[in-house]
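Visitor: need coordinates for the following:
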Amino acid sequence: MEGQGRVMPHNEDAEKAVLGAILMNANSLQTAMEYVSPSDFYHTGHRALFAAFISYSDTNPLKTLDQVSIISFLKEKGQLAECGGLSYITGLTENVSTTASVGVHARIIRALSLRRQFIQLANEFAISGFDESQEIIKLIDESETKLSRLAQGTNDANKDVSIGLYVSQALVNLRERMEGKDSGNMETGFDRLDQLTDGGFHPTDFIIIAARPSIGKTAFAISIIQNMIRPPRNYKVAFFSLEMSGIQVSQRLLSGVSRVPLKIIRNASFPNQKDPNFNHLIQAAQKLFETKLFILDTPNMKLSEIRATSRRLKREQGVQAIFIDYIGLIDAEMPAASKKFEQVSEISKALKSLARELEIPVVVLCQVSREAEGEKNEPQLNNLRDSGAIEQDADMVMFLHRNRKIDSEKLVKDSKGDMSLQPTKVIVAKQRNGETGEFYAGFKPSTASFENLVEGNWSV
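Guide: The predicted model follows:
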């Protein structure tokens, strides 16, 4: 059925060549195992024999693997007939002139195995497509996940990878960083945050920015985005704005870049086109035109839509980071009777998985519970709203904390010397691969944006 009446792709000669090479030279087994596992072989007997080679080598590390030893081993296990019988096994070496090509033949086997898996997935997709009881966007999302795993060669869950591979990768990364090459981390533009995180947001990280309402979590996220997309960084960023429209996000970015008060932009309060503020706004617009920011402002977006769109943006646009505002507005696509914490748990798990799959940071905004209300009640991890799963899944959790009321006596100077910034405490309460700590950023109410603060004895 899977091949629609046709024989599934395979290469019998390549499979025999690999098995014969191993019988001639036991070292060929290690070479073959770098590319294939037993499940990659098409013929049942070949699959069983390759598995027997591995089992024999594991249980008899000090003994040589050859025809005599493996046949004896198969007889003891009662697997000789399953592997083709005595004459078939002994005949595998007849057409093998050299073992040097075992890697080439193993790669052929692996490629054909992936092709068969692709056909099997295509059949699954076709069957699911006819089932109209299933949500099509969710089906597309699940299908893309399976295809992505197949493309990465990770479809075989039982395939082990030696620690040596990861140690080598870690050393290569270390040398590149010592030489000043790009580490893959994404600088946020907030100096203390980049110091705490060893260079910024890291690939595969699931990051939470949380705060009480009206403290500025959206403003902080947009300020980070603004720092990322502009020179010298020029990162490609996607922003899923489930709460604000794309126009509103753009107005905030224009205000932050131009330093023109947001109120003036919203009300179009420019005397004429020669007004300095208007010229600053046009210049900011030109700068933003040259960036690679993708704003998606569909309200109550479904989880599967977010995942599918993220994959497309990563594939087609090379997006390097994703921001989502905010987790409570994502449709988990679960039954209506599902409790809120169950839905948030499902979303949290899926977004962490997405970060790992795309190998980019996924930054998600989150509210905190009412227990963190008040000037003195700093938010803590157990204040994350709706689910403890967020705390568990997140690689990093940041809280913003300050008094909502503006106290003119606590305002500090911005980069232009104006007394206009409200010190806001940023608490890095969890960092899976680094230290926790806190620092202060300056919130500028007029532009709804954040800036770096010089070191000082601030209070919120």
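
Visitor: partners of the helix or strand harbouring Phe443, with directions?
Guide: Secondary structure from DSSP states H and E places Phe443 in strand 437-444. Under the criterion DSSP bridges, strand 437-444 sits next to strand 419-431 (antiparallel), strand 449-452 (antiparallel) in its sheet.

Visitor: buried ones in the last one?
Guide: If you call a residue buried by 16 or more other CB atoms under 10 Å, then strand 449-452 has these buried ones: Ser449, Phe450, Glu451, Asn452. For the C-beta atoms, the positions are set from N, CA and C on the backbone; glycine is no exception.

Visitor: leaving out the residues flanking it, which one is nearest to the first one?
Guide: Distances taken as CB to CB, 6 or more residues apart in numbering place Gly256 nearest to Ser449, at 3.9 Å, with adjacent residues excluded.

Visitor: what's the burial count for the one you found?
Guide: By other CB atoms under 10 Å, 24 other residues sit near Gly256.

Visitor: close enough to count as contact, it and Ile222?
Guide: Yes: taking CB atoms under 8 Å as the definition, Gly256 is a contact partner of Ile222 at 7.0 Å.

Visitor: measure Met228 to Thr59 for me?
Guide: 53 Å (CB to CB, to the nearest Å).

Visitor: ok, the residue nearest to Ser449 to Ile265 distance?
Guide: 11 Å.

Visitor: check Leu112 too.
Guide: Computed as CB to CB, the Leu112 to Ile265 distance reads 59 Å.

Visitor: low-confidence stretches in the stretch 351-460 of the chain?
Guide: 371-376, 385-387, 455-460 (pLDDT under 70).

Visitor: those helices in it, which residues are they?
Guide: For the stretch 351-460 of the chain, the helices defined by DSSP state H, counting those that start in this stretch cover 389-393.

Visitor: now the strands for it?
Guide: 362-367, 396-401, 412-413, 419-431, 437-444, 449-452 (DSSP state E, counting those that start in this stretch).

Visitor: packing partners for the longest helix along the chain?
Guide: If you go by DSSP state H, the chain has its longest helix at helix 102-130. The contact analysis (3 or more CB pairs under 8 Å, 6 or more residues apart in numbering; DSSP states H and E) places helix 102-130 against helix 12-24, helix 28-33, helix 136-151.

Visitor: check contacts around Pro213.
Guide: If you count contacts by CB atoms under 8 Å, 6 or more residues apart in numbering, Pro213 has them with Gln367.

Visitor: just say helix, strand or coil for it.
Guide: What DSSP: H, G, I helix; E, B strand; the rest coil gives for Pro213 is coil.

Visitor: now it: how far from Ser446?
Guide: Counting by CB to CB - Pro213 and Ser446 are separated by 20 Å.

Visitor: okay, now Gly434: neighbour count?
Guide: Using other CB under 10 Å, Gly434 has 15 other residues around it.

Visitor: wait, I meant Lys340
Guide: Counted with other CB under 10 Å, the neighbours of Lys340 add up to 12.

Visitor: for the remainder of this discussion, apply numbering that starts at 622.
Guide: In the new numbering, first residue 622, that becomes Lys961.

Visitor: what's the pLDDT at it?
Guide: The model reports Lys961 with a pLDDT of 82.

Visitor: and what of the one 4 residues further on?
Guide: With respect to pLDDT, Val965 has a value of 87.

Visitor: where's Gly705 relative to Gly666, distance?
Guide: Gly705 is 4 Å from Gly666, by CB to CB.

Visitor: oh sorry, the question was meant for Met849
Guide: Taken as CB to CB, the span from Met849 to Gly666 is 55 Å.

Visitor: between these two, which one's more packed in?
Guide: Met849 (24 against 18).

Visitor: hmm, that one is touching Asp815, no?
Guide: No: with contacts counted by CB under 8 Å, Met849 stays clear of Asp815, the gap being 11.4 Å.

Visitor: list residues touching both of those two?
Guide: With CB under 8 Å, 6+ apart, Met849 and Asp815 have common neighbours Glu808, Thr809.

Visitor: Pro852 and Lys913, how far apart?
Guide: Distance from Pro852 to Lys913, by CB to CB: 12 Å.

Visitor: tell me how this structure divides into domains.
Guide: The record assigns the chain these domain ranges, following automatic domain parsing: 633-755, 803-1073.

Visitor: Throw these into CSV and include distance to Val793, thanks.
Guide: Listed next are these as CSV, based on distance: least, CB to CB, whole Å:
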stretch, distance to Val793
domain 633-755, 18
domain 803-1073, 12
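
Visitor: please work out which of those domains is packed deepest.
Guide: Comparing the domains of the chain by mean neighbour count (mean count of other CB atoms under 10 Å), domain 803-1073 ranks first with a mean of 18.

Visitor: secondary structure class for Lys684?
Guide: Look at Lys684: counting by three-state DSSP, its state is coil.

Visitor: so who does it touch?
Guide: Ser690.

Visitor: circling back to that earlier point, let's have the strands of the stretch 972-1081 of the chain in JSON lines, adding distance to Glu937.
Guide: Shown next, in JSON lines, are the strands of the stretch 972-1081 of the chain (distance: least, CB to CB, whole Å):
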{"stretch": "strand 983-988", "distance to Glu937": "18"}
{"stretch": "strand 1017-1022", "distance to Glu937": "28"}
{"stretch": "strand 1033-1034", "distance to Glu937": "43"}
{"stretch": "strand 1040-1052", "distance to Glu937": "32"}
{"stretch": "strand 1058-1065", "distance to Glu937": "34"}
{"stretch": "strand 1070-1073", "distance to Glu937": "30"}
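
Visitor: got a list of what the nearest residue to Asn921 once chain neighbours are set aside touches?
Guide: Once flanking residues are discounted, Asn921 sits nearest to Asp952: 5.3 Å by CB to CB, 6+ apart. With contact set as CB under 8 Å, 6+ apart, Asp952 has these partners: Asn921, Met922, Lys923, Leu924.
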